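Asker: okay, predicted coordinates and the sequence, questions at the end:
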Amino acid sequence: GAVVSQHPSWVICKSGTSVKIECRSLDFQATTMFWYRQFPKQSLMLMATSNEGSKATYEQGVEKDKFLINHASLTLSTLTVTSAHPEDSSFYICSASKRIQETQYFGPGTRLLVL
Amino acid sequence: AQSVAQPEDQVNVAEGNPLTVKCTYSVSGNPYLFWYVQYPNRGLQFLLKYITGDNLVKGSYGFEAEFNKSQTSFHLKKPSALVSDSALYFCAVRLAWGDSWGKLQFGAGTQVVVTP
């Protein structure tokens, strides 16, 4: 149990385009989902927390207009990187939990390369 | 402030030998501690957690961790390492104050290399 999927697993896009990444909890309902960014050989940096049916809360320094997060259902959250630039290239990982205080289960990650 | 520290960037161990990955924490109140493992180009896999109860927590893939309140440590252990245990290991603490409540604070990670 507690399986989280992400789609796509990797994506290459041109600078200026937008990219949408999906995060799904496959066998449980996730009240809360988290979006992280990870640079090579570094730890995870929390970008935002999304609760089903409400606006996401962003960490300091994360541009909410650039990284649009939608959590429309208890099994799906999406992260859209708008007007992507090469510096947005990274590994994006989502996690989901039944409730915010419960164990987070992570997706396999999405590698984004912006040319 | 709540945080975790992983003092070793890398741990090298021979297959069959005991494996220990260190983690110390700094929290106010009761700590909620987690261990995750990450294989290359993959997300994190949950190994185990300490919330309350027995200080020795058993988790997935033969791993266990010992919560030590006096030393503020939560070291991950495996009695006999496998080559397939080679991965990046993260210790994390669940934050319990203000707007950060429920979020995870991760350590820097420890790369484990198990040689045949």
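Answerer: Received it, and whenever you're ready, just let me know what you need. Numbering: from 1, shown residues only, chains lettered A, B, ... in the order given.
Asker: when you work out contacts or count neighbours from here on, use the C-alpha atoms and nothing else.
Answerer: Will do.
Asker: what sits closest to the closest residue to chain B within chain A if chain neighbours are left out?
Answerer: The minimum distance from chain A to chain B, using CA to the nearest CA, falls at A:Pro108 (3.9 Å). In space, not counting the residues next to it along the chain, A:Pro108 is nearest to B:Gly43; the distance is 3.9 Å by CA to CA, 6 or more residues apart in numbering or on different chains.
Asker: what's the neighbour count on the one you found?
Answerer: Burial of B:Gly43 is recorded as 24 neighbouring residues (other CA atoms under 10 Å in any protein chain shown).
Asker: was I right about it contacting A:Phe91?
Answerer: No: using CA atoms under 8 Å, B:Gly43 is not in contact with A:Phe91, being 9.3 Å away.
Asker: overlap in contacts, these two.
Answerer: Taking CA atoms under 8 Å, 6 or more residues apart in numbering or on different chains as the criterion, B:Gly43 and A:Phe91 both touch A:Gly109.
Asker: need the strands for chain B, in chain order.
Answerer: For chain B, strands defined by DSSP state E occupy the ranges B:3-5, B:10-14, B:19-21, B:24-26, B:33-38, B:44-50, B:56-58, B:64-68, B:73-78, B:87-94, B:104-106, B:110-115.
Asker: show the end-to-end separation of stretch B:74-90, please.
Answerer: 11 Å (CA to CA, to the nearest Å).
Asker: how many other residues sit next to B:Gly16?
Answerer: Residues within reach of B:Gly16, counting by other CA under 10 Å, total 15.
Asker: give me the distance between it and chain A.
Answerer: Summarising the geometry, the distance separating B:Gly16 from chain A, computed by CA to the nearest CA, to the nearest Å, is 26 Å.
Asker: that residue and B:Leu82 touch, don't they?
Answerer: Yes: with contact defined as CA under 8 Å, B:Gly16 and B:Leu82 form a contacting pair (6.4 Å).
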